[in-house]
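Visitor: Using only what follows, build the 3D model:
(4 chains)
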There are 2 protein chains.
Amino acid sequence: MKVNDHRIHFLYEAWRSGSMRAAADFLEIAPSSVSRQIAQLETEIGTALIEHGRREISLTDAGHAVIDYYRARQTGLELLEGQLLEISTARTGHVEIAIGEGFLGPALYDTLDHFMDDYSGINLTVSVTDTTSMMRLLLEDEVHFGVGFHPVSHPQIVSRYRATVPLMAIMNTENSLAQRRSMTMQELCAEPLALMGSNFRIRQMIDEAAINNGLLISPVVTSNSIALLARMALADRAITVLPAFSVSAELACGQLSAVSIQAPQLQSVYVHLLARRNRRFPAHLSELADQIRKRLLPSALSSSNE
Amino acid sequence: MKVNDHRIHFLYEAWRSGSMRAAADFLEIAPSSVSRQIAQLETEIGTALIEHGRREISLTDAGHAVIDYYRARQTGLELLEGQLLEISTARTGHVEIAIGEGFLGPALYDTLDHFMDDYSGINLTVSVTDTTSMMRLLLEDEVHFGVGFHPVSHPQIVSRYRATVPLMAIMNTENSLAQRRSMTMQELCAEPLALMGSNFRIRQMIDEAAINNGLLISPVVTSNSIALLARMALADRAITVLPAFSVSAELACGQLSAVSIQAPQLQSVYVHLLARRNRRFPAHLSELADQIRKRLLPSALSSSNE
DNA sequence: AAAATGTGTTGCAAAAAGCGCAACTACTAT
DNA sequence: ATAGTAGTTGCGCTTTTTGCAACACATTTT
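Guide: Numbering: from 1, shown residues only, chains lettered A, B, ... in the order given. Next comes the predicted model:
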């Protein structure tokens, strides 16, 4: 059954005003239009909606049912308008981002806190993932952007910002190497190591640096949890390799120390804000991306591609 | 804010089908139309509804809100269709009638019972009124029709059917006059009378008949309740004047007797099914009117006017 | 009872909205 | 890179809607 909303609107106004002419006046339209639209609606529905052959409008039972529907629809519409207003002022919406686990920490928490305060009502989803999962999430449009170490290049994924984040050897302050300003890959490999699994880009880069020096990495502990790796370093059972900010809290209070590693691959590690190609961010999204850039990637550069 | 339903429909189908072309195919329409309608909707609303610049359709938050609205509207529409179907098959609706009190009785009850069985779901309102109230109800379209003794003529009220219903002197079977075949107005006026109030047409006709005979009516009991009048007759405290069917039950079981009155005005009393001029009854209404005609007005004639 | 007033309705031409076709740009995949 | 398929846009055509005016009718007033 075809029910044209436009026609129901005329019927409603005619009923509300009491006569077609009054409705026509109110709608700034010719009375004939009102009459015809109502008549048309009646033939489409197949039932009389108003009591014809009278001076003024009075509805049949079917007519009452129709305007009841119309009024329900109207309230639904007002609801929609409210939602659209909220969305347009960015007071609601979805933001879904993926973050490499190395970025969990006070800086991220602060950033998210500020964002959620500014855009209360925004539904925020943060997936903490490894590199391969982030690729999948980005490619399948399940997240708006991701923050991670640059993965293998893919034509559909581009970097919006990047920042140098050297990987450091993280160890207990009591460790014999803790006071050194830097150390070599050989020295590193001689120590017991706690590293991430091979599907993390951090680990892949460490492996690469080791191979370039003809060395072999054989960590005593492998984990996908930064917290666990830090715990190993804290207990001085192993040295781990991470960006400094991943353990900034422990570094600040002097429990852990970070020592630079003499390997070009580990010095020129970039962190990227990654997104799918040709995606344009709505206002609140670019706002969040910007805040993340400022607080998590303080040395960030705009990188238009790759 | 203007939200054209037609456009939302296209948006919905595009979303459901996954692409505009698929939607266009489904709707048997050109893809360009879909694109344009969605674009138009976006400019009217003032927000992007789909993520443009992609191969396939994916909705923005605003788009999701819109199709949520559309789906709610759709269920409302299905509800409406159900209601209209019920109404068209006359399984629901309103019937409002006015009835002179003289008609309350088994015949009316039976008629209404049958009608309500045949049209279960119909909302039936029966107003029991005096003549002047019935006039008002009819004139203000508050009832569909009325059954009563013909009131003072009014240009806006016409009679659909009429039937002769002579007014009889109703008295206890034990009354000395009860075995008479008829009686005169003089004899009637000599008895203690229990009659309706002056705003009932029955009473007006009795008064008229008395005046024509140079008599004066002074009832010992006046009431607007037929039941009370019958009670007076039953107790043999008075004689009352009513149509026979008003007390058919008591007549049938021999408690009361009805005696004809020799007065032309009271012999040619008509009962009418009254309605406002130029009102056409829907199916269930004329059905009820017809049933009332057959059962309450067995000697009915079609009376096209007045 | 008849005229007057305001109602809904209908015919026809003008205006507006929607549509299809075809060419175009752009995203995605091989 | 290249082909294929998606959305978009310009233009002419069709369908729908509108306005004006005249009409038919209900209701009120005289």
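Visitor: Domain parsing of chain A, as residue ranges.
Guide: If you go by automatic domain parsing, the domain ranges for chain A are A:5-88, A:93-162+A:271-302, A:167-267.
Visitor: lowest-confidence stretch among those?
Guide: Lowest mean pLDDT of the domains of chain A: domain A:93-162+A:271-302, a mean of 79.
Visitor: Residue B:86: which of the domains of chain A is closest?
Guide: Across the domains of chain A, residue B:86 has its closest neighbour in domain A:5-88 (8.8 Å, CB to CB). C-beta: built from backbone N, CA, C; applies to glycine.
Visitor: hmm, that closest one in reach of chain B?
Guide: Yes. Using CB under 8 Å from any CB of the partner chain, domain A:5-88 reaches chain B at A:5-6, A:45-48, A:51, A:53-54, A:58, A:60-62, A:65-66, A:68-69, A:72-73, A:76-77, A:79-81, A:83-84, A:87-88.
Visitor: tell me, how many neighbours does the residue of the stretch 51-200 of chain A found nearest DNA strand D end up with?
Guide: Distance from DNA strand D to each residue of the stretch 51-200 of chain A (CB to the nearest atom of the strand) is smallest for residue A:55, at 3.6 Å. Residue A:55 sits with 7 neighbouring residues when counted by other CB atoms under 10 Å in any protein chain shown.
Visitor: so who does it touch?
Guide: The contact partners of residue A:55, by CB atoms under 8 Å, 6 or more residues apart in numbering or on different chains, come to residue A:19.
Visitor: Figure out the helix or strand that the nearest residue to residue A:272 once chain neighbours are set aside lives in.
Guide: Once flanking residues are discounted, residue A:272 sits nearest to residue A:159: 4.0 Å by CB to CB, 6 or more residues apart in numbering or on different chains. Per DSSP states H and E, residue A:159 falls inside strand A:157-164.
Visitor: Quickly run through the sheet partners of that strand, with directions.
Guide: If you go by DSSP bridges, strand A:157-164 pairs up with strand A:270-276 (antiparallel), strand A:301-302 (antiparallel).
Visitor: Report the distance from the first one to the chain centre.
Guide: Chain-centre distance of strand A:270-276: 13 Å, with CA atoms, centre = their mean, to the nearest Å.
Visitor: can you redo the strands paired with strand A:157-164 as a markdown table with distance to DNA strand D?
Guide: Formatted as a markdown table, these follow (distance: least, CB to the nearest atom of the strand, whole Å):
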| stretch | distance to DNA strand D |
| --- | --- |
| strand A:270-276 | 16 |
| strand A:301-302 | 23 |
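Visitor: Quick one, which of those strands gets closest to residue A:38.
Guide: Proximity to residue A:38, assessed across the strands paired with strand A:157-164 by CB to CB, is greatest for strand A:270-276 (50.6 Å).
Visitor: Now the next helix or strand after the closest one: buried residues?
Guide: Using DSSP H and E, the helix or strand that follows strand A:270-276 towards the C-terminus is helix A:283-296. Residues of helix A:283-296 classed as buried: A:284-285, A:287-293, A:296 (neighbour count, 16 or more other CB atoms under 10 Å in any protein chain shown).
Visitor: Check what contacts helix A:283-296 and list those residues.
Guide: The contact list for helix A:283-296, computed with CB under 8 Å, 6+ apart, reads A:90, A:93, A:95, A:97, A:103, A:107-108, A:110-111, A:114-115, A:118-119, A:122, A:144-145, A:147, A:160-161, A:163, A:245, A:271, A:273, A:281, A:300.
Visitor: same question, stretch A:2-10
Guide: Counting by CB under 8 Å, 6+ apart, A:23, A:27, A:33-34, A:37-38, A:40-41, A:44-45, A:66-67, A:69-70, A:73, B:4-5, B:77, B:80 sit against stretch A:2-10.
Visitor: picking that back up, export the strands paired with strand A:157-164 as a markdown table, with columns for distance to DNA strand C and mean neighbour count.
Guide: Shown next, in a markdown table, are the strands paired with strand A:157-164 (distance: least, CB to the nearest atom of the strand, whole Å; neighbours: other CB atoms under 10 Å in any protein chain shown):
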| stretch | distance to DNA strand C | mean neighbour count |
| --- | --- | --- |
| strand A:270-276 | 7 | 22 |
| strand A:301-302 | 20 | 10 |
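Visitor: Let me know the distance separating residue A:260 from residue A:249.
Guide: In this view, residue A:260 and residue A:249 are 20 Å apart by CB to CB, to the nearest Å.
Visitor: one step back: what residues of the strand holding residue A:159 count as buried?
Guide: A:157-163.
Visitor: Just the closest of these to residue B:12, please.
Guide: residue A:157 (31.4 Å).
Visitor: so how far is residue A:278 from whichever residue of the stretch 101-250 of chain A sits closest to chain B?
Guide: Here the residue of the stretch 101-250 of chain A nearest chain B is residue A:141; by CB to the nearest CB that distance is 6.7 Å. Residue A:141 is 12 Å from residue A:278, where distance means CB to CB.
Visitor: okay, the two: which has more neighbours?
Guide: Set residue A:141 next to residue A:278 and count neighbours by other CB under 10 Å: residue A:141 wins out with 14 against 9.
Visitor: what helix or strand is the more buried one on?
Guide: Counting by DSSP H and E, residue A:141 is found in no helix or strand.
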